[in-house]
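[1] Give me coordinates for this.
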Amino acid sequence: MSFSSDGRLFASKSGDESVRVWRHADWETLTVLREKCDVEANGGAGLSFNPVEPQLVTLGDNSSVLRMWNVDVDSLISLRPIEELVRYTSAKIVIVGESNVGKSCLAMRLAEDRYPEDHEHGTTHGMRFWPMEAEELHPAAKPPEVQRRDVVLWDFGGQDEYQLVHQMFLHNTTLALMLIDPTRGRAAMDKARDRNQRLEKHLGKAENNSSAVKLQVGAKVDETRKKKLIAKTSIDELCEDCGFAGFLDLSARAGRNTKKLRKLISDALDRDQMAKTSRPELFQHIRDDVEARRKKKQIVLTLDAFKKAIKKSAAKLYEEAAVNAVSDQLATQGTIVRTKLTGGDEALVL
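    As a prediction, the model looks like this:
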């Protein structure tokens, strides 16, 4: 990679026999030069901007030819990108807590702004996904035009028998909502501490080394008299001991304080940490590949094997960072699971 003398452009060379010139301000591709070159043999080098003049020098034809390109910087800067990059931003929000504490009711209130009908009530077995656009959660979460921002609510069943399975799906969590019945006093606090300990053990760090934000939610506070039963001092101690960013009591049935929760979630989402970039065609190609493997009953493959397969089937689109970003996106949406094998290799569960 090399930057122009004024810093407005930079150029890169890749194994698909291309030299790309990018606009530094927004990282959009402005033009592509075709040139044969063994990138690996050159250690990824093979191009350089003149430090004074608007010129770009490239090494081509298997390192046997030097080419000098005169660059009209002003004209290039004014061009529209040759391919539109969509910056996908995904937030994975997990909802955890005891069985029957109201997790699914809250998820439906957040995702569809309604309370479940009688026939929709029931215990969640395993988990349930609630995908939504960020602006549906809160207007302040709406992304710029060049971004697509998704929010996926993961409603985890609270039964103990599911805990071992759930730990596989906590990777790359952006935000965790832990629900408790705050009117049950010490019993609820003790269970929350125990569940938080298990949660912390498996949350870990996201790929960008950021940590998940945790919010404590007091559920089923449907009446004013119930609110009076909440011991604020105990709640404050719980939040401090367990590292919760805040506490909010609410009623999913009545909708009380759910707007406040939407705002808290929106404010807690670190959009810069969440941002990932990918071209739509690569995203679709990877999704199609995953679906094809599922039809063949393939369940698990290593991430390295997956990358090699994508590179072979989509050489012109392939970028390792983009494949990582797309696989993270699909994992956030619950389409696949990224995990580690006992030997330490990363693997995908389809």
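[2] Lys340 contacts Val349, doesn't it?
    No. Using C-beta atoms under 8 Å, Lys340 is not in contact with Val349; the gap is 11.1 Å. Where you see a C-beta, it was placed from the backbone N, CA and C, and this is true even at glycine.
[3] outside of the one helix or strand Glu136 maps to, which residues touch it?
    Using DSSP states H and E, Glu136 falls within helix 134-137. With contacts defined as C-beta atoms under 8 Å, 6 or more residues apart in numbering, helix 134-137 is touched by 89, 91, 110-111, 141-143, 149-151, 262, 265-266.
[4] just the buried members of those?
    Neighbour counting by 16 or more other C-beta atoms under 10 Å classes 89, 91, 110-111, 141, 143, 149-151, 262, 265-266 among the contacts of helix 134-137 as buried.
[5] and the protein, what are its domains?
    2-77, 86-274, 279-349 (automatic domain parsing).
[6] Output the ones you listed in TSV; the columns should cover mean pLDDT.
    Formatted as TSV, these follow (pLDDT from 0 to 100):
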stretch	mean pLDDT
domain 2-77	82
domain 86-274	86
domain 279-349	86
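[7] Could you say which of those domains is packed most deeply?
    Greatest average neighbour count among the domains of the chain goes to domain 86-274 (a mean of 17), per mean count of other C-beta atoms under 10 Å.
[8] Convert the helix holding Glu136 to PDB, retaining C-alpha atoms only.
    In PDB, the C-alpha atoms belonging to helix 134-137 read as follows (Å, rounded to 0.1, in the frame of the first residue of the first chain):
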ATOM      1  CA  ALA A 134     -31.600  -0.500  13.900                       C
ATOM      2  CA  GLU A 135     -34.000   2.400  13.300                       C
ATOM      3  CA  GLU A 136     -36.900   0.100  14.300                       C
ATOM      4  CA  LEU A 137     -35.200  -0.100  17.700                       C
END
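[9] Can you name the element that comes right after that helix?
    strand 147-156.
[10] Who are the packing partners of that following strand?
    strand 86-97, helix 103-112, strand 127-133, helix 134-137 (3 or more C-beta pairs under 8 Å, 6 or more residues apart in numbering; DSSP states H and E).
[11] Quick one: closest of the ones you listed to Lys316.
    strand 86-97 (17.7 Å; C-beta to C-beta).
[12] between the lengthiest helix in the chain and strand 86-97, how many degrees?
    Looking across the chain with DSSP state H, the single longest helix is helix 186-203. Using axes from the mean of the first three to the mean of the last three C-alpha atoms, to 10 degrees, one finds that helix 186-203 and strand 86-97 are set 140 degrees apart in direction.
[13] Please list the residues outside stretch 20-34 that contact it.
    With C-beta under 8 Å, 6+ apart, stretch 20-34 has contacts from 3, 7-14, 17-19, 56, 58, 69, 71, 76-77, 79, 81-83, 85, 146, 277.
[14] which ones among the residues you listed are found in strands?
    Using DSSP state E to define strands, the subset of the contacts of stretch 20-34 located there is 3, 9-14, 18-19, 56, 58, 69, 277.
[15] Dump those residues into TSV; add distance to Asp190 as well.
    Output for those, formatted as TSV (distance: C-beta to C-beta, whole Å):
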residue	distance to Asp190
Phe3	57
Leu9	60
Phe10	56
Ala11	60
Ser12	55
Lys13	59
Ser14	55
Ser18	60
Val19	62
Leu56	65
Thr58	66
Trp69	69
Thr277	44
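[16] which two in these are spaced the farthest apart?
    Trp69 and Thr277 (26.2 Å).
[17] contacting residues for Met1?
    Applying C-beta under 8 Å, 6+ apart, the residues contacting Met1 are 10-12.
[18] same thing but 6 Å
    Met1 makes contact with 10, 12, according to C-beta atoms under 6 Å, 6 or more residues apart in numbering.
[19] same question, Lys307
    Counted by C-beta under 6 Å, 6+ apart, Lys307 has contacts Val323.
[20] what residues are up against the residue most central in space within the chain?
    When C-alpha atoms, centre = their mean is applied to the chain, the residue found nearest the centroid is Ser90 (3.9 Å). Shown in contact with Ser90 (C-beta under 6 Å, 6+ apart): 150, 329, 332.
[21] what do you get if the cut-off is 7 Å, keeping everything else the same?
    By C-beta atoms under 7 Å, 6 or more residues apart in numbering, the contact list for Ser90 reads 150, 152, 274, 329, 332-333.
[22] got CSV for these, with distance to Thr302 too?
    As requested, the contacts of Ser90 are exported to CSV (distance: C-beta to C-beta, whole Å):
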residue, distance to Thr302
Asp150, 26
Val152, 25
Met274, 26
Gln329, 19
Thr332, 20
Gln333, 21
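[23] and which of those residues is nearest Pro51?
    Among the contacts of Ser90, and counting by C-beta to C-beta, the member closest to Pro51 is Met274, at 36.4 Å.
[24] Which helix or strand contains Ile310?
    Per DSSP H and E: Ile310 is located in helix 303-313.
[25] Show the subsequent helix or strand relative to that helix.
    Toward the C-terminus from helix 303-313 - assigned by DSSP H and E - lies helix 320-332.
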